[in-house]
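Asker: Next input, structure requested:
(one chain, ligands or ions: 2)
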Amino acid sequence: MSEQLSWRAPRALARLLTAIENGAPEALAQVQTLYRQTAHRAHIVGITGVPGGGKSTLVAALTRALREQSRTVAVLSVDPSSPFTRGAILGDRIRMRGISGDPGVFIRSLASRSAPGGIAAATADMVTALDAAGFDVIFVETVGAGQDDVAIARLAETVVVVEAPGLGDDIQAIKAGLIEIADILVVNKADLPDAQRTAQNLAAALALGFETQGHHGPSLASSPQAGAPSGRAGWRVPVLLTSAAHDQGVAALIDALQQHRAWLETSEEGKHRRLRQAEAEIRARLYAQLMRAALAHIEHGALERWAAQCAQHRAHPEEAARALLQAILPKLCSSST
Ligand SMILES: Nc1nc2c(ncn2[C@@H]2O[C@H](COP(=O)(O)OP(=O)(O)OP(=O)(O)O)[C@@H](O)[C@H]2O)c(=O)[nH]1
Ligand SMILES: [Mg+2]
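Answerer: Numbering: from 1, shown residues only. Ligands and ions are numbered 1, 2, ... in the order given. Below you'll find the predicted structure:
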C-alpha cells in the first residue's frame, strides 16, 4: 500500500475501486488487508426496491441531509443490467442540487457484468475500500430483482426497501420477497395519491409475517441453524413515508437509520447477524472459488460433450455434473488455485 486511503483523496480511491472491479490481484490483496484493518466504521446501508420507486432520488436527498450534519457519504450504485446510466443520473441529480465538488460525497456506479469475481464480490470489496477511506455512511443502491438483494442482505447493516404508490400492484415488494430483507420500509412518492394506502398494505403484510412465520432476518443463502435468533428479532420494521423529490420525510428516515444501527450495536441479534452475514459471504466466495477452480480444470470440451448428451436426454445434467466433478477432484486437491 503506497499511500493512506482517504476520502480526501478521491482520485486514489477511484483508482483502487476500478482495480477492484477489474479483479486486479494487487487490489484484491490490498482489500484483504484493508478488511482486517477496518472493522465496522461506516454505516453500510443497502437501498433496494422496485425499479423507478425513487431509490436514487432518495439516496441523493439523504446525502444532502447527511452533509448538512457534516457526515461524509459514499454511494455505490449497483446495476448489472445497464452500464453507466443510473450512476450518472444520480451524479447529475446531486450536482444539480449543489453538492458539486464536495469531497465529502463520493459516487460510483458498478455496472459491469464482467467483474471477474462476480458483481457481489466486487461490491463487497468496493464497500470495504470505501469504509477504509473513512466515509461515515455508505449507500449501496441495487434494483430489487432477486440475486443482488440476497447479496445486499449479506453486506448491508441496514436494508432500506423503497416502495412507491402507482407502480401498478401495491404488493410488488411482497411478491419480490423484498419485505423479508427490509429493516426499514419506505413508501416514497408520498406526494402521490394512494401513498397512505400503500403504507397501510405494507404494514399489514409485515404484521402478517410476524404472525405466520415469526419475524425472520435477511434471507441469506442459508441460515446456520433453523430457529436461531434472527437478525431482526426485537427490531420493529418501521414503515415510513417520504417524498424524496421534495426532501420530505428524509430526517425521519435518517433517525430510523441511526436507531437501527444503535440497535445492531447493542443487541445480541446484531452480533448474530454479523456472524450470519460473514458465513453467507464465505459460502458465496467458496462457491465462486470452487466454480473457478472447477472450470479451470475441466478437460477442454468435456462440458460441451456432456451438454450434447443432455440436450438429447441421453444423460441427465446431474449425472454430467457428477462425472465432471469426479474427473477434476484429484486435480483440485493437488492444486492451490
Ligand atoms: N412524485 C414523485 N416522484 C418522485 C419522487 N422521488 C422520485 N421521483 C421520480 O421517480 C422517478 C424515478 O426516480 P429514481 O430516483 O430514478 O428511481 P430509482 O428507484 O432509483 O429507479 P431505478 O434505479 O431506475 O430503479 C424519477 O422520475 C423521479 O423524479 C417523489 O418523492 N415524488
Ligand atoms: Mg436508481
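Asker: drop to CA atoms for contacts and neighbour counts, all remaining ones
Answerer: Will do.
Asker: Up against ligand 1, what does the stretch 101-250 of the chain have?
Answerer: Residues of the stretch 101-250 of the chain lying close to ligand 1 (CA under 6 Å from any ligand atom) are 143, 188, 189, 191, 192, 243, 244, 245.
Asker: so who does residue 78 touch?
Answerer: For residue 78, the contacting residues are 109, 110, 111, 123, 140, 141, 142, 143, by CA atoms under 8 Å, 6 or more residues apart in numbering.
Asker: So what touches the helix or strand encompassing the fourth one?
Answerer: Following DSSP states H and E, the helix or strand that holds residue 123 is helix 119-132. The set of residues that contact helix 119-132 without belonging to it, under CA under 8 Å, 6+ apart, is 5-7, 13, 16-17, 20-21, 23, 28, 31, 34-35, 37-38, 41-42, 74, 76, 78, 80, 110, 112-113, 115, 138, 148, 151, 155, 285.
Asker: Wait, residue 50 touches residue 162, no?
Answerer: Yes - at 7.0 Å, residue 50 and residue 162 qualify as touching, with contact defined as CA atoms under 8 Å.
Asker: coming back round to it: buried ones among the residues of the stretch 101-250 of the chain next to ligand 1?
Answerer: Among those, those scoring as buried are 143, 188, 189, 191, 243, 244 (criterion: 16 or more other CA atoms under 10 Å).
Asker: which other helices and strands contact the lengthiest helix in the chain?
Answerer: In the chain, assigned by DSSP state H, the helix with the most residues is helix 268-297. When contacts are defined as 3 or more CA pairs under 8 Å, 6 or more residues apart in numbering; DSSP states H and E, helix 268-297 sits against helix 147-155, helix 250-266, helix 317-334.
Asker: Switch those helices over to CSV; also include mean neighbour count and mean pLDDT.
Answerer: Formatted as CSV, these follow (neighbours: other CA atoms under 10 Å; pLDDT from 0 to 100):
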stretch, mean neighbour count, mean pLDDT
helix 147-155, 23, 75
helix 250-266, 16, 96
helix 317-334, 13, 90
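Asker: closest to residue 204 out of those?
Answerer: Residue 204 lies closest to helix 250-266 among the helices and strands packed on helix 268-297, at 19.6 Å (CA to CA).
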